[in-house]
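return atomic coordinates for the entry below.
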Amino acid sequence: MPAVRDHTEHVYRTAQQSAAAVSSPVAASWRRCLTLHGLAPEEARLPSRLSDGELRQARERSGVLIAEAVGELDRLFGVVVKAGCCLLLTDEKGIALERRGAGGDDADFRGVGLWSGTVWSEASVGTNGIGTAIADERPVVIHRDQHFLSRNIGLSCATAPIRDEAGRLAAALDISTCRDDASEATLSILSQAVRDAAARIEANLFRRAFAEARIVLVPADRAGPALLAVDRDDLVLGATRAARQWLGIDDKRIAARIPATDLLQERVFSEARELPDAERAALRRVLSRTNGNVSMAADLLGISRATLYRKMKRLSLN
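Purely as a prediction, here's the structure:
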């Protein structure tokens, strides 16, 4: 086929140009496929596939991910089902753990390997949405002849990575279509939809990991959910990737239990004022719970009503 032959020649020609690899993420991926993974664009290869036992083990390892993602997968598929699309949720190795697709399209998708248990890493099938999003750790769109293998140039994919509670790459969410009329504009819309769904799954994973903590939304201009997990003393327990980037923090600073107020620069306290302000906030919470009943508040605090009145006067609480 002329189209396949032209694509194969184009991949070889482009991948061998170091300047192209520097300027284009797709060309850089093609170069990796040739030099690092030893693939050839003319190979008629399908993605490698796990046995039933291996897939079961992979799903067990990613049980928390699947549990937090199924609702978003179902919701997203309900939006794109009529567009002839297939959804795949993979782990960090590109193993397809969950799939959504319409029965009428199953034969086409199964024929190209978009099925549970297949491995869509770059090492397995070259440049593709899932493998390249995992390799580059960023959302990607791989449209038709941007794929490495000539046999995959009928596919279009939009993929977003998903990170765990520590900001590490944990999974990828992909929308793929075999439709000939899939335009770049359509792929742009699908890409936004898959990024939004991936961000919600990432937020679900974070909230689950810090179920006992208070979750604070960081006003960040970053892709992905920017969230902090904060304990009762306002000390940071965890942060998503976007929050870490925006606030300039890492595992070491989080382990040091830095105050969330300091990170967010909400207020500037002098050391002398921090304790009274914290005491005032605690008293206000108790008084709120008792609807202003001082006697009940004193009982809850385990102090006398006279002592509570003195504290309220000192802290200017009426």
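
average pLDDT for the helix or strand where Ala21 lies?
In the assignment (DSSP states H and E), Ala21 maps to helix 18-23. Averaging pLDDT along helix 18-23 gives 80.

what helices and strands are in contact with the very next helix or strand once past that helix?
Downstream of helix 18-23, the next assigned helix or strand under DSSP H and E is helix 25-35. Judged by 3 or more C-beta pairs under 8 Å, 6 or more residues apart in numbering; DSSP states H and E, helix 25-35 is in contact with helix 2-15, helix 18-23, helix 122-125, helix 129-136. Where you see a C-beta, it was placed from the backbone N, CA and C, and this is true even at glycine.

of those helices, which stretch is the most buried?
Most buried of the helices and strands packed on helix 25-35 by mean neighbour count (mean count of other C-beta atoms under 10 Å) is helix 129-136; its value is a mean of 27.

so what's the gap between that helix and the chain middle?
13 Å (C-alpha atoms, centre = their mean, to the nearest Å).

now do it against helix 25-35, angle only.
Relative orientation of helix 129-136 versus helix 25-35 (axes from the mean of the first three to the mean of the last three C-alpha atoms, to 10 degrees): 90 degrees.

and Ala281, which of the helices and strands packed on helix 25-35 is closest to it?
Ala281 lies closest to helix 129-136 among the helices and strands packed on helix 25-35, at 43.9 Å (C-beta to C-beta).

so for that closest one, mean pLDDT?
98.

and the next helix or strand past that helix?
Counting by DSSP H and E, what follows helix 129-136 is strand 140-143.

show me what that following strand is packed up against.
Using 3+ C-beta pairs under 8 Å, 6+ apart, the elements in contact with strand 140-143 are helix 129-136, strand 156-163, helix 184-209.

got a list of contacts for it?
With C-beta atoms under 8 Å, 6 or more residues apart in numbering as the test, strand 140-143 has contacts from 25-26, 127-129, 132-133, 155-159, 182, 184, 187-188, 191.

what's next to stretch 12-19, contact-wise?
Ala20, Ala21, Ser24, Ala27, Trp30, Arg31, Cys33, Leu34, Thr35, Pro41.

understood, closing this out.
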